[in-house]
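Requesting a structural model of the entry that follows:
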Amino acid sequence: MSSLFLGLISGTSADGIDAALVRFDDDGHARLAFGRTYAWDPALRARLVELGQQAAMLTLDDVGELDVRIARAFADAALQALADSGTDAREVAAIGSHGQTLRHRPHGPHPFTLQLGDPNTIAEHTGIRVVADFRRRDVAAGGHGAPLLPGLHAALLHSGDEDRAVLNLGGIANLTLLPAHGEVRGFDTGPANGLMDAWCLRHRGEAFDRGGAFAREGRIDDDLLSRLLADPWFAAPPPKSTGRDRFHLDWVEARIAGRESPADVQATLLALTVRTVADALHATLPDAKRLIACGGGVHNPTLMQALADALPDCTVESTAAHGLDPDFVEAMGFAWLARQTLLGLPGNVPSVTGADGFRVLGGIHSA
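The predicted structure follows:
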């Protein structure tokens, strides 16, 4: 089997399709060979954001068509990544595709998680074997199906000399806890870029708050922050996961008193991310000496500085300090998961997701 895998993911922010070509050595150590983000078709992205905010209903025909449209976009990103990196498709053992999450409901009597992006279509258009649908087996085993990357985080960033945590700042924030001695744990902490991006788009017409400038114009509204934090989800113990289908603009607006300026709301949403991450880390790994961040939020200096201020006894830094491009750690994770599946090895960590045990994740779709 080739040592080269291609990971594809579009996260809850739907801000692009991340493609990562990852080379593994015989011991399973991963190295990013190429990474690039490919833009969505603007109309399709607008539709995905709208659906993520629960602002529209879908018919079965809509779901079927979106499944194929998303898959074709993923296939195009994969082929473009191969062209841009000068890689022959025959060199790639498999594509690991996360798909686009439409709904994530790991609770209740009939828990489910739904990602669109038909892997059959991706395999047909690329001529490469595809491994996809990673989350549902973990949910079927009683887990949350998320987060799925703590296994990779542990392999790449664990240290026997100090307690560490890895923070993914995507649309949703999640923590991987890496104690120097002890089991790996992880869970979602709440919204990160998803709410801030949506609020910025509505009030500034920009897809994200570049550099955190919009948030810096405002002041934290303590009353609004208290109302946001009162959501019972934040007090729930791990394992837990969530998505844009819970934390969306309607959720924010239901808690706005009406007198807040848009900039103050943006500053408060940033503070919500910082507060929930810091509270979660203090509660679950209080002796953590290092918080290693990845995801789009790393590029928001206002957010990163606020995290550092909230965690004065902990070094807050990017995965770049450890030789890992923060923009492609998640995509690398789905290359890693594809490799795990082909080797018949588990991809989940039960102490993270709450599943009944280790499971081989995903389905294999031949080229």
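
Does Leu291 touch Asp163 like I think?
No: contact criterion CB atoms under 8 Å: Leu291 and Asp163 do not qualify, at 10.3 Å. All C-beta atoms are positioned from the backbone trio N, CA, C, and that covers glycine.

What is the burial count for Asp222?
Asp222: 10 surrounding residues under other CB atoms under 10 Å.

what pLDDT does it get?
pLDDT for Asp222: 98.

show me where this protein has helices.
42-52, 60-85, 119-126, 135-140, 150-157, 193-204, 213-217, 222-229, 232-235, 249-253, 262-284, 301-310, 329-342, 350-353 (DSSP state H).

picking up where we left off before, quick one: which of Leu291 and Asp163 has more around it?
Shown here are Leu291 and Asp163; by other CB under 10 Å, Leu291 has more neighbours (22 against 18).

Not counting sequence-adjacent ones, nearest residue to the more buried one?
Nearest non-adjacent residue to Leu291, counting by CB to CB, 6 or more residues apart in numbering: Val316, 4.8 Å away.

gap between the one you found and Pro301?
12 Å (CB to CB, to the nearest Å).

do the same with Ala207
Counting by CB to CB - Ala207 and Pro301 are separated by 18 Å.

Among these two, which residue is more densely surrounded?
Ranked by neighbour count (other CB under 10 Å), Ala207 and Pro301 place Ala207 first, with 17 against 12.

and Val265, how many neighbours does it have?
25.

oh, I was asking about Glu50
When neighbours are counted by other CB under 10 Å, Glu50 comes out with 11.

just Gly205 next, same as before
With neighbours defined by other CB under 10 Å, the count for Gly205 comes to 7.

quick check: domain ranges of this protein?
4-146+328-365, 150-322 (automatic domain parsing).

Start and end of the longest one, how far apart?
For domain 4-146+328-365, the separation between the terminal residues is 17 Å (CA to CA, to the nearest Å).

same deal with stretch 308-325?
20 Å.

State the mean pLDDT of it.
Stretch 308-325 shows a mean pLDDT of 97.

Wait, Ala331 touches Ser10, no?
No: with contact defined as CB under 8 Å, Ala331 does not count as touching Ser10 (9.6 Å).

Between those two, which contacts overlap?
Common neighbours of Ala331 and Ser10, using CB atoms under 8 Å, 6 or more residues apart in numbering, are Asp18.

Going by neighbour count, which residues in the lowest-mean-pLDDT helix or strand in the chain are buried?
Using mean pLDDT, DSSP states H and E, the weakest-scoring helix or strand in the chain turns out to be helix 42-52, at a mean of 85. Using 16 or more other CB atoms under 10 Å as the test for burial, helix 42-52 gives 44-45, 47-49, 51-52.

Over to stretch 301-314?
Neighbour-count burial for stretch 301-314 [16+ other CB under 10 Å]: 302-304, 306-307, 310-311, 314.

so Trp199 makes contact with Ile256?
No: Trp199 lies out of contact with Ile256 (CB under 8 Å); the separation is 10.5 Å.

shared neighbours, the two?
Val265.

neighbour count winner among the two?
Higher neighbour count among Trp199 and Ile256: Trp199, with 23 against 15, using other CB under 10 Å.

okay, now the residue lying closest to the more buried one once chain neighbours are set aside: neighbour count?
By the measure of CB to CB, 6+ apart, the closest residue to Trp199 outside its immediate chain neighbours is Gln266, 5.6 Å from it. Using other CB under 10 Å, Gln266 has 26 neighbouring residues.

For the spatially closest residue to Phe208 that is not a sequence neighbour, which residues are in contact?
Nearest residue to Phe208, sequence neighbours excluded (CB to CB, 6+ apart): Asp197, at 4.7 Å. When contacts are counted by CB under 8 Å, 6+ apart, Asp197 is found next to 13, 15, 171, 207-209.

quick one: which of those residues has the most company?
In terms of neighbour count, Gly171 stands highest of the contacts of Asp197 at 27 neighbours, by other CB under 10 Å.

Am I right that that residue is in contact with Gly16?
No: the pair Gly171 / Gly16 is not scored as a contact, 12.0 Å apart, by CB under 8 Å.

what residue ranges in the chain score low on pLDDT?
53-56 (pLDDT under 70).

how about a cut-off of 80?
Residues of the chain meeting the criterion pLDDT under 80: 1, 11-14, 49, 52-57, 245.

Most distant residue from the centre of it?
Arg259 (32.8 Å; CA atoms, centre = their mean).

Over to that residue: give its phi and psi.
phi -100, psi -10 (degrees, to the nearest 10).

ok, it to Val265 distance?
The value you get for Arg259 to Val265, if CB to CB is used, is 11 Å.

what do you get for Asp309?
Distance from Asp309 to Val265, by CB to CB: 20 Å.

do the same with Phe74
For Phe74, the distance to Val265 - CB to CB - is 34 Å.

Near the nearest residue to Gly363 once chain neighbours are set aside, how many other residues are there?
Spatial nearest neighbour of Gly363, excluding adjacent residues (CB to CB, 6+ apart): Asp133 at 5.1 Å. Neighbourhood size, Asp133 [other CB under 10 Å]: 20.

Test my guess that Asp133 contacts Gln115.
Yes: using CB under 8 Å, Asp133 is in contact with Gln115, at 6.9 Å.

Show me which residues of stretch 139-147 are buried.
So, applying 16+ other CB under 10 Å, buried residues of stretch 139-147: 139, 141, 143-147.
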